[in-house]
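In: Please find the sequence and the predicted model below.
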Amino acid sequence: MDVIVAQATPHALAATHVTSTIPIIFGASSDPVGSGLVASLAKPVRNATGLSLLAPEVTRKLMELLKDTVPRISHVVALAYASGFNRAEVESAAKALGMRLDVQEVREPKDLDQAFQAAATDLAPRVS
């Protein structure tokens, strides 16, 4: 075998556990450094390389656009799939813009109801 082509992060990670010599090319990863696929974006070092969807400046810009669109926004709920979400970057962007971030993990469609319920409870007006 000359090369392994992996569609996404879980597939590429599985391949890295099997070989450290055969080149692995992954189609897309939201955070190849954070997931452990590569040591750095500039120089992967090991036998895996591919495309990164990680773009911290885009994350910050999206949060800025949200704030520009809804200037009074103070609390954001993010529905996130763990392997496709750079929590630290989104939290940093929200904090810099004076917004509180609540992350609800959604791994499967069945998790959506619980995530929406938790978000609605968290967003409900507080009665003192």
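Out: Arrived safely.
In: Give me the domain ranges for this structure.
Out: Domain assignment for the chain by automatic domain parsing gives 4-52, 56-123.
In: Out of the ones you listed, which one sits most buried?
Out: Highest mean neighbour count of these: domain 4-52, a mean of 16 (counted as mean count of other Cβ atoms under 10 Å). Any C-beta I mention is one placed from the backbone N, CA and C, and that applies to glycine too.
In: Just the mean pLDDT for that domain, thanks.
Out: If you average the pLDDT over domain 4-52, you get 86.
In: Off-centre distance for it?
Out: Using Cα atoms, centre = their mean, to the nearest Å, the mean C-alpha position of domain 4-52 is found 16 Å from that of the whole chain.
In: likewise stretch 58-73?
Out: Put simply, stretch 58-73 sits 17 Å off its chain's centre (Cα atoms, centre = their mean).
In: Tell me which residues are up against it.
Out: Residues outside stretch 58-73 that contact it (Cβ atoms under 8 Å, 6 or more residues apart in numbering): Val76, Asn86, Glu89, Val90, Ser92, Ala93, Ala94, Ala96, Leu97, Met99.
In: Tell me which of those residues has the lowest pLDDT.
Out: Least confident entry in these, by pLDDT: Asn86, with 71.
In: Name the next helix or strand downstream of whichever strand or helix holds Ser92, please.
Out: For Ser92, the host element (DSSP states H and E) is helix 87-96. As assigned by DSSP H and E, the chain's next helix or strand after helix 87-96 is strand 100-105.
In: Please enumerate the helices of the chain.
Out: 9-18, 56-69, 87-96, 111-123 (DSSP state H).
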